[in-house]
Each structure stands twice: as structure tokens, then as C-alpha cells.
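Q: Need coordinates for the below:
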Amino acid sequence: MISLLKSWETSPAFLYFLIEQRKKSTLRLNMTITFAERADQLCDRLREMEHHAEEGDQLFYCAYLLGLLGLHSGTEGEGQKVFDNAFTTILQETLEVEGVMESDQENITALWETICKKEIS
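A: Okay, the predicted model is just below:
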């Protein structure tokens with residue numbers, strides 16, 4: 001059985017299989033993320049942070065961003081940076097229109113910047 005496995009691992013069919021699998025994973029890495037996928041990704045990060053939040057203010061900031069992301073997650077488009085930049089503009093406009101206190105605006109914006117920079121796990 002072991003010799004059969006070793007011969008399979010060096011066979012052209014197995015090598016072809018590995019190459020094709022690598023291409024598929026590379027293609028997925030190079031594909032552009034949709035706005036909905038990006039919003040989901042960011043919401044997951046916020047929910048994780050919300051789950052571990054110890055203070056009421058942090059819960060408020062997470063909830064604020066989750067709500068706003070929920071409103072805009074259905075927007076059509078592609079590209080992580082495009083989404084992040086567009087949402088940053090929407091966030092700033094919304095914070096001003098809603099009259100959120102300056103200190104809360106700064107903290108919400110800082111949280112937004114943090115979740116945007118956080119690596120995908």
C-alpha cells in the first residue's frame with residue numbers, strides 16, 4: 001500500500017492534480033471581492049470585537065458600524081478598496097448628519113479604520 005501511495009505521489013496525474021488545485025486557489029486569491037462579501041467580512045470582524053467588548057461605548061461603536069454596514073451591504077460593486085473608500089465617505093457624512101458627538105465620531109472612525117486594516121483570518 002505504501003509503495004502504491006509513493007508511486008501515486010510522483011505520477012504525472014497527481015502532479016497535474018496539484019498544479020490544477022494551486023491554480024484554482026491562486027485564481028480565488030486574485031479575484032475581486034464583491035461589496036456584499038466585503039461587508040460580510042467586516043461585519044464578522046465587528047461581531048467578534050463586539051463579543052469581546054468590555055465597555056458600553058465599544059458596544060455602541062460596533063453596533064453603529066454594524067447597522068450602517070447592514071444598510072449599505074446590498075450595494076452592487078466590486079473591490080475591497082473601492083468599498084472601503086465609499087463606506088468611509090458614507091460614514092463621515094452619516095456621523096455629521098446624525099449629529100454624533102465629536103468624541104464618538106473619532107472613536108467610530110478609529111474602529112472603522114482598525115477593522116479595515118485587520119488581516120483576514
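
Q: residues in contact with whichever strand or helix holds residue 37?
A: Assigned by DSSP states H and E, residue 37 falls within helix 35-52. Residues from elsewhere that reach helix 35-52 (Cβ atoms under 8 Å, 6 or more residues apart in numbering): 33, 58-59, 62-63, 65-66, 69-70, 72-80, 82-84, 111, 115-116, 118, 120. The way it works is simple: take the backbone N, C-alpha and C, and place the C-beta from them, glycine included.

Q: shaky segments in this protein?
A: Scanning the chain for pLDDT under 70 picks out 1-31, 119-121.

Q: in it, which spans are helices?
A: Assigned helices in the chain, in chain order: 2-9, 12-30, 35-52, 56-72, 80-97, 102-117 (criterion: DSSP state H).

Q: And this structure, what are its domain boundaries?
A: Domain ranges of the chain: 1-31, 35-117, per automatic domain parsing.

Q: Tell me which of those is the most buried.
A: Most buried of the domains of the chain, by mean neighbour count (mean count of other Cβ atoms under 10 Å): domain 35-117, with a mean of 15.

Q: what comes into contact with stretch 79-99?
A: 32-33, 35, 38-39, 65, 68-69, 72, 75, 77, 105, 108-109, 112, 116.

Q: repeat that with 6 Å
A: Under the criterion Cβ atoms under 6 Å, 6 or more residues apart in numbering, residues 32-33, 35, 38, 105, 116 lie in contact with stretch 79-99.
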